[in-house]
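In: Requesting a structural model of the entry that follows:
(chains A and B)
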Amino acid sequence: MTKVAMSVNGRAVSGEVEGRTLLVQFLREGLGLTGTHVGCDTAQCGACVVHVDGKALKACNVFALDFEGAEVTTIEGMAAPDGTLSPIQQAFQDHHGLQCGFCTPGMVMSAAALLAENPKPTEAEVREYLEGNLCRCTGYHNIVKAILAASGQEMAVAAE
Amino acid sequence: MYAFDFVRPSSVADAVAALGQEDAQALGGGQTLIPALKQRLASPSTLVSLAGIAEIRGVCLDDDGRVCIGGGTPHAVVAAEAAKHYPALAAMANRIGDPAVRNRGTIGGSLANNDPSACYPAAVLASNATILTNAREIAADDYFQGMFTTALDEGEIITEVRFPVPQAANYQKFVQPASRFALTGVFVARFADGVRVAVTGAAEDGVFRWAEAEAALSDSFAAEAVKGLEVAADGMISDLHGTPEYRANLVRVLTARAVAAAG
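Out: Here you go, the predicted structure:
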C-alpha cells in the first residue's frame, strides 16, 4: 500500500491505496464520495466522470496514484455548501434532465467541463461532447435542453 | 486486475531505468491498457506511469517547420495546440474516443500500442513522421510492423513525434459508433514531392500505405483519380461490423472524400 494525497472538492485528503486502485475506488471506497458512479467499468459510459485539474476524466480508467497532488472535483463539489444546486444541476432539475439518475453525475460533470471550454455551445456541440456519456433511459433530449438552458440559451431542441 | 507495483518517475531516464525491471510495462494515458489490465489480458509486475514526465508533454514547431509532439501529450492538447500548424492532424486528434478519453490518452501510448483501428498510425504514416524514442529515431515507414506490433524494443519509450506539415491533408474516419475507433480511416497528405495515403481500421496487418492511390494522386490530386482503382479484399478485417469487401470499398470511398476535403 502506498500513501496518496490530493485535493478533492477543495479539501485536502489522503489515503493508503494499492497500485491497481482506480481513482473512482479511492473516491467511493476510500473517501465515501459515492456520487461518482461506476456504470460500465470499461470507460464507455461516463457515469464516473470527474474533473482533475479542470479537465474531465473517466475516474474508472485511471489509477489513484497518478493523481498525487492533483485537484479533483466530483459531483459532491458542484452544489454550494448550503445545498444550493449549481446552475447546471438546477437546469437538470428544471428540465427533467434525468430519469433513473444513474448517469447524471457524469452528465453534470461533462456538461460543466463543456461549458467551461465553450460557454455558449450549439445543440450539435452539446450532443458531440456527450459522446462518452451514455444514458440508458435514453433521456438525451432533456439533458441537452438542460445544458443549453444552463448556458443561458433559449433554444428549440429537435424531437421533443 | 492482478496486483502490481506502481511507479511514477518524473524523468525519461528514471522511467527507462524502471522499465528495465522484469515484467515492467509503461503506462501512457491508460485508456487502452487499463481496460486490458481489468480483463487480465496484461499482468505486469511493475507499471511505470509516464504521466508525471513533463519533458515529454507539449506541442511545438522545430526549425524545419515540423510539428513536434511530446510522446506523453494527450489528444486534447494536440487538438488544441496543433490546430494552427497542422489542422488535419488536430482534427484527427479531436475525433479520437470522447472528450474525457482525449484528456487522458496520449499520442505515444496510441503509437506504442498500434491498434489496427487506431487513428494516429494513419496520421503518422501519411505524414511521413519520425518517431523519437529514448534511444533513437524511427521513420514511420519502418515503425509499424503489423497488428499491435512496432519497431519499439522492450522498455523503449516514445519521447516525441515529428510531423512534416503537408501542403494539403485530410483524415476521413468512418466511425464504429460503439467503440469510436475507425471502422476504416484514411489519411491523405499531399507534399511537394508526392502524395501519401495511409489506411487504418481496414487491414489485418494494421495501418498500410495504399501505393496505387498515392501514384494516381501524385499525378492528379482529385477525387476522380481514385474512383477507378480497385482495392483487394484479401487481408482486410472481417468482423460483425463489416466484411472484407465492405472495408475494401470504404478505403476507396474515404480516400476520395479525403482528397475532396483536402482541396
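In: What is the three-state secondary structure of A:Ala91?
Out: helix (DSSP: H, G, I helix; E, B strand; the rest coil).
In: Show me how the record splits the chain into domains.
Out: Let's take chain A. With automatic domain parsing as the criterion, the domains of chain A are listed as A:2-77, A:87-150.
In: Correction: the question concerned chain B.
Out: Split by automatic domain parsing, chain B gives B:5-49, B:54-163, B:168-262.
In: So A:Gly15: helix, strand or coil?
Out: Quick answer, by three-state DSSP: A:Gly15 is strand.
In: Mind checking the pLDDT average for the strand or helix carrying A:His141?
Out: Taking DSSP states H and E as the definition, A:His141 sits inside helix A:140-150. The average pLDDT for helix A:140-150 rounds to 95.
In: any bit of that helix sitting next to chain B?
Out: No - on the criterion Cβ under 8 Å from any Cβ of the partner chain, helix A:140-150 is out of touch with chain B, staying 13.3 Å away. To be clear about C-beta, it is placed using only N, CA and C from the backbone, and glycine gets the same treatment.
In: Could you give the number of residues near the residue of the stretch 101-250 of chain B found nearest chain A?
Out: The stretch 101-250 of chain B approaches chain A most closely through B:Asn103 (4.4 Å), counting by Cβ to the nearest Cβ. Neighbours of B:Asn103 under the rule other Cβ atoms under 10 Å in any protein chain shown: 23.
In: isn't it right up against A:Gly54?
Out: No - in this structure B:Asn103 lies outside contact range of A:Gly54 using Cβ atoms under 8 Å: 9.7 Å.
In: For chain A, what lies in contact range of chain B?
Out: Within reach of chain B by Cβ under 8 Å from any Cβ, chain A has these residues: A:2, A:18-20, A:22, A:41-44, A:46, A:49, A:55-58, A:61-63, A:65-66, A:68, A:110, A:113-114, A:129, A:131-133.
In: which of those count as buried?
Out: Neighbour counting by 16 or more other Cβ atoms under 10 Å in any protein chain shown classes A:2, A:18-20, A:22, A:41, A:43-44, A:46, A:49, A:55-58, A:61-63, A:65-66, A:110, A:113-114, A:129, A:131-133 among the residues of chain A next to chain B as buried.
In: Take these and keep only those in helices.
Out: Applying DSSP state H to those, the entries found in helices are A:Ser110, A:Ala113, A:Leu114, A:Tyr129.
In: Let me know the closest of these to B:Ile34.
Out: Each of these was scored against B:Ile34 by Cβ to Cβ, and A:Ser110 proved nearest at 19.3 Å.
In: Not counting its neighbours along the chain, what's nearest A:Ser14?
Out: A:Ala5 (3.9 Å; Cβ to Cβ, 6 or more residues apart in numbering or on different chains).
In: do B:Thr32 as well
Out: B:Asn113 (5.5 Å).
In: Who are the contact partners of that neighbour?
Out: Residues in contact with B:Asn113 (Cβ atoms under 8 Å, 6 or more residues apart in numbering or on different chains) are B:Thr32, B:Leu33, B:Phe148.
In: Quick check, the second one in contact with B:Leu41.
Out: No - using Cβ under 8 Å, B:Leu33 is not in contact with B:Leu41; the gap is 9.4 Å.
In: of the two, who's got more company?
Out: Using other Cβ under 10 Å as the criterion, B:Leu33 and B:Leu41 rank with B:Leu33 on top: 21 against 9.
In: Can you name the residues bridging to the closest residue in space to that one that isn't next to it in sequence?
Out: Spatial nearest neighbour of B:Leu33, excluding adjacent residues (Cβ to Cβ, 6+ apart): B:Leu27 at 5.9 Å. Note on B:Leu27: beta-bridge partners by DSSP bridges are B:Ser49.
In: Please consider this matter closed, and thank you.
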